[in-house]
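**Student:** any chance you could fold what I've pasted below:
(one chain, ligands or ions: 1)
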Amino acid sequence: MSLLAKTYTQRAEAHTNAAAVRLLRLMDAKKTNLSVAADVTTKKELLHLADALGPYICVFKTHIDIVTDFDQDLVDQLEKLAEKHSFLIFEDRKFADIGNTVKLQYSAGVYRIASWSHITNAHPLPGEGIVKGLAEVGMPLSRGLLLLAEMSSQGSLATGSYTLEAVRMAQRNRDFVFGFIGQQRMDVPEDFVYLTPGVGLEAKGDGLGQQYRTPEQVILDSGCDVIIVGRGIYGSGDIAANAQRYREAGWNAYLKRTGQ
Ligand code: 5FU
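**Tutor:** Residues are numbered from 1 along each chain as shown. Below is the predicted model of the structure:
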């Protein structure tokens, strides 16, 4: 059976990476492949989004360094909400330095990302040392890493042979790397989980290079697994109703893909 015809649960059963197993299982259990990109700048707004949208999502994606009043209590509360609503936290840190430096950026500093974020991501740009450095911190905590194979923004340089090398790097490090930030599934035998930003039902772009595709284009046509939606949900109107719309669109595309 082709990977794309399999359910998330079937894929979880065959997977060896702890973060992938957890994510794939919870997607089927909650019937959602929606991740919200919570790009807000106050603790209050971030916690409000996590609590209000928690029931609809599998992954809550943060940019913790844009929160003006960050404190330890914020991540303590975020972890409690992750338990309450059963979602994973993904700090979209996009590490991009040498192994020794990213190890420190991941474990220490003000944010201590590894201590609370189930998933994080890294650019393959510096070479394999970035994965090795992050793995030294993340593996003992059962965290998972995504490599940025492609970006949604116009003119991105992550294409062609760069993207192929990202996939090869992931293939060599499957104990820690369980998937990609990418725009389309690459044809390899290993099961990688694809989380895909640049998703919008109405807008086609944002005037700053962002490019949007629909949930159906992402899940059905491009074979990705999780839709990441930010402003399409919290930008205007009723955020819960917006989340419900994206959740349904993403889920229906998955049901179509797997023939359920
Ligand atoms: F890696 C990427 C990428 O290629 N494109 C993105 O848009 C990450 N993102 C993130 O997804 C970006 O940093 C935002 O947090 C989010 C998209 O938000 P939007 O409001 O749906 O455009």
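
**Student:** so which residues on the stretch 1-150 of the chain come close to the ligand?
**Tutor:** 37, 39, 63, 92, 148 (Cβ under 6 Å from any ligand atom). Where C-beta positions appear, they are placed from N, C-alpha and C, glycine not excepted.

**Student:** let me know the closest of these to the ligand.
**Tutor:** Ala37 (3.6 Å; Cβ to the nearest ligand atom).

**Student:** what residues are up against the closest residue to the closest one other than its chain neighbours?
**Tutor:** In space, and not counting its chain neighbours, Ala37 is closest to Gly230: 3.4 Å by Cβ to Cβ, 6 or more residues apart in numbering. With contact set as Cβ atoms under 8 Å, 6 or more residues apart in numbering, Gly230 has these partners: 36-39, 197.

**Student:** quick one: pLDDT of Gly230?
**Tutor:** We have a pLDDT of 98 for Gly230.

**Student:** and the gap between it and Asp206?
**Tutor:** As defined by Cβ to Cβ, to the nearest Å, Gly230 lies at a distance of 10 Å from Asp206.

**Student:** and Gly99, by the same measure?
**Tutor:** Gly99 sits 34 Å away from Asp206, going by Cβ to Cβ.

**Student:** settle it for me: which of these two has more neighbours?
**Tutor:** A direct count of neighbours by other Cβ atoms under 10 Å for Gly99 and Asp206 places Gly99 higher, at 18 against 15.

**Student:** tell me the phi and psi of the residue nearest to that one when sequence neighbours are not counted?
**Tutor:** Ranked by Cβ to Cβ, 6+ apart and with sequence neighbours excluded, the top spatial neighbour of Gly99 is Gly133, at 2.9 Å. Per-residue torsions, Gly133: phi -60, psi -50 (degrees, to the nearest 10).

**Student:** what is the burial count for Gly133?
**Tutor:** By other Cβ under 10 Å, the residues close to Gly133 number 24.
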